[in-house]
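J.: Need a 3D model of the sequence below.
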Amino acid sequence: MPVPGCLRAAAPFPARRPADRTPSLLPSAYDPPVALFALARVAPLSVDEAWRRLTDWERHADVVPLTRITVLTPPPTRAGTAFVGRTGVGPLAFDDPMEVVTWRPPTEDGTTALVRLDKRGRLITGWAQIEVHARGTGASQVVWREELSVRFLPPMFDRLLKWAGRWMFGRAVDGLLGTSQGHEPSPGIPG
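T.: Numbers count the residues shown, from 1 in each chain. Take a look at the predicted model:
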């Protein structure tokens, strides 16, 4: 029976629906790799401040090299907010369009704050889910889960993609929160 205010804990990652995959005439060996990873950080920040820093979309460009963010919808952020991260230099750049599909900011009752983004690009697809909850007095814990898929990249690169995703997003979260906890696996958080 679900507990009010708690996230469902049936699986560490939402299951992929068959409709999420574009049908392909290529053999399954050419299906895009999928990297599922998660990381956690504890920050000496209130839940409200950690949430504000993590959901200031333009600020992500300050911590992801060669990237700029353009928010396409008027503020405030809510379900339906769309933005594009453009990464690269000149013609060697790609767009990473994203949409906020779940938006639950912090509340006074201490419910976990949650945002889920769907990545809808031609090159990169998947989703990211960011949770922020209180951890003791004056601290918060952030859990970032992500499914990352890159078109035209063979499945043999799954492990490398997972490692690179954890490293890159770990650095981004540390930069946004102002922490430097390293990039070792987080206790209790799967891969």
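J.: Every contact and neighbour count from this point should use C-alpha atoms.
T.: Fine.
J.: Got the confidence number for the closest residue to His133 other than its chain neighbours?
T.: On the basis of C-alpha to C-alpha, 6 or more residues apart in numbering, the spatially nearest residue to His133 that is not a chain neighbour turns out to be Thr112, at 4.8 Å. Note on Thr112: pLDDT of 94.
J.: how much space between Thr112 and Val142?
T.: 10 Å (C-alpha to C-alpha, to the nearest Å).
J.: repeat for Ser46
T.: 11 Å.
J.: I'd like to check what contacts the strand ranked longest in the chain. Which residues are they?
T.: Among the elements of type strand in the chain, defined by DSSP state E, the one spanning the most residues is strand 92-104. Judged by C-alpha atoms under 8 Å, 6 or more residues apart in numbering, the contacts made with strand 92-104 from elsewhere in the structure are 77-88, 113-121, 123-124.
J.: Out of those residues, which sit inside strands?
T.: 82-88, 113-120, 124.
J.: Among those residues, which one lies nearest to Val132?
T.: Ala113 (5.1 Å; C-alpha to C-alpha).
J.: Could you verify my assumption that that closest one touches Val132?
T.: Yes. Ala113 lies in contact with Val132 (C-alpha atoms under 8 Å); the separation is 5.1 Å.
J.: what residues are shared contacts of these two?
T.: Counting by C-alpha under 8 Å, 6+ apart, the residues touching both Ala113 and Val132 are Trp51, Pro106.
J.: Who has more neighbours out of Ser46 and Val142?
T.: Between Ser46 and Val142, counted using other C-alpha atoms under 10 Å, the more crowded position is Val142 (25 against 19).
J.: Just the element for the more buried one, please.
T.: When secondary structure is defined using DSSP states H and E, the element that contains Val142 is strand 140-150.
J.: For Thr87, which non-adjacent residue is closest in space?
T.: Computed as C-alpha to C-alpha, 6+ apart, the closest residue to Thr87 that is not its neighbour in sequence is Thr67, at 4.2 Å.
J.: residue contacts, the one you found?
T.: Neighbour list for Thr67: Ala61, Gly85, Arg86, Thr87, Gly88 [criterion: C-alpha under 8 Å, 6+ apart].
J.: Got a PyMOL select line for the buried ones in those residues?
T.: The following PyMOL command selects only the buried members of the contacts of Thr67, with burial defined by 16 or more other C-alpha atoms under 10 Å:
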select buried, resi 61+85+86+87
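J.: Turn the contacts of Thr67 into a markdown table, columns for pLDDT and distance to Thr107.
T.: Shown next, in a markdown table, are these (pLDDT from 0 to 100; distance: C-alpha to C-alpha, whole Å):
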| residue | pLDDT | distance to Thr107 |
| --- | --- | --- |
| Ala61 | 95 | 27 |
| Gly85 | 97 | 28 |
| Arg86 | 97 | 32 |
| Thr87 | 94 | 34 |
| Gly88 | 94 | 37 |
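J.: end-to-end on stretch 75-89?
T.: 28 Å.
J.: For that stretch, list every residue counted as buried.
T.: Going by neighbour count (16+ other C-alpha under 10 Å), the buried part of stretch 75-89 is Thr77, Arg78, Thr81, Ala82, Phe83, Val84, Gly85, Arg86, Thr87.
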